[in-house]
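Visitor: just need the structure, nothing else, for what follows:
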Amino acid sequence: MLTRDFFNRPTMKVARDMLGAVLIHNSPAGKTAGIIVETEAYLQGDPACHASRGKTRRNAAMFGPPGTAYIYLVYGIHCCFNTVTMPTGTGEAVLVRALEPLEGLELMKRRRGIADVKGLCSGPGRLCQAMGLDRQYNGMNLSSPSLYIQQGAVPESIVTTTRVGISQGQQLPYRFYIAGNRWISRK
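Guide: Numbering: from 1, shown residues only. All right, here's what the predicted structure looks like:
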């Protein structure tokens, strides 16, 4: 299981180092797990970062201790899962954009209402729905038995590119994904 020390490092490094790790959710409905194949970093001074204008009720978890879940609602319907990085009070995080489903595929399919495995976790909203992650997990310590990230295989090659789905700071090279992985959200 990745510890707070893993997340208490520069956000760009954590975003790259999370690739290949496994996100695990032990919910009352069952266990789901997937390999993290795509991430995006959000830093102080970054206009797309929720913390760029200071601490609010919505983004308070982002200022918590490293290794905390920051889950927020976007467009009023989709949850997005992030891991808080850097020391408490900093306000930086890594968005997990896509997973390669590993375990609990039937549960993921039911939650998403689809049969296509490729569409289960290829996007931040999709992966939250498939994994059963919503705002009740916002602020949770990612070293808990129900929600955690464990070390996985280190990718051979990582692609660095600009982020997608945002209107500000989209030119910044803060998106990372495993080269050649078919489970990423967008090429």
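
Visitor: for the rest of this, base every contact and every neighbour count on C-alpha atoms.
Guide: OK.

Visitor: and the residue lying closest to Met131 once chain neighbours are set aside, what's its pLDDT?
Guide: Leaving aside its chain neighbours, Met131 sits nearest to Thr32 (5.9 Å; criterion: CA to CA, 6 or more residues apart in numbering). If you check Thr32, the pLDDT there is 98.

Visitor: quick check: which ranges of the protein have low pLDDT?
Guide: Scanning the chain for pLDDT under 70 picks out nothing.

Visitor: contacting residues around the residue nearest to Met131?
Guide: Ile24, His25, Asn26, Leu102, Glu103, Gly104, Leu105, Leu107, Met108, Met131 (CA atoms under 8 Å, 6 or more residues apart in numbering).

Visitor: so who does the most far-flung residue of the chain relative to its centre touch?
Guide: The outermost residue of the chain, judged against the average C-alpha position, is Ala115 (23.0 Å), by CA atoms, centre = their mean. Counting by CA under 8 Å, 6+ apart, Ala115 touches Lys109.

Visitor: tell me the secondary structure at it.
Guide: Secondary structure, DSSP: H, G, I helix; E, B strand; the rest coil: Ala115 is coil.

Visitor: could you pull up phi and psi at it?
Guide: phi -100, psi -20 (degrees, to the nearest 10).

Visitor: about what we covered before: Three-state assignment for the residue nearest to Met131, please.
Guide: On the basis of three-state DSSP, Thr32 is classed as strand.

Visitor: who does it bridge with?
Guide: Under DSSP bridges, the beta-bridge partners of Thr32 are His25.

Visitor: distance of it from Tyr75?
Guide: Going from Thr32 to Tyr75 by CA to CA, to the nearest Å gives 25 Å.

Visitor: try Leu43
Guide: On the measure of CA to CA, Leu43 and Tyr75 end up 22 Å apart.

Visitor: on that earlier part again, looking at the contacts of Thr32, which are in strands?
Guide: Ile24, His25, Asn26, Leu102, Glu103 (DSSP state E).

Visitor: just give the nearest non-adjacent residue to the first one, would you?
Guide: The reference is to Ile24. Going by CA to CA, 6+ apart, Ile24 has Ala33 as its nearest residue, at 4.4 Å.
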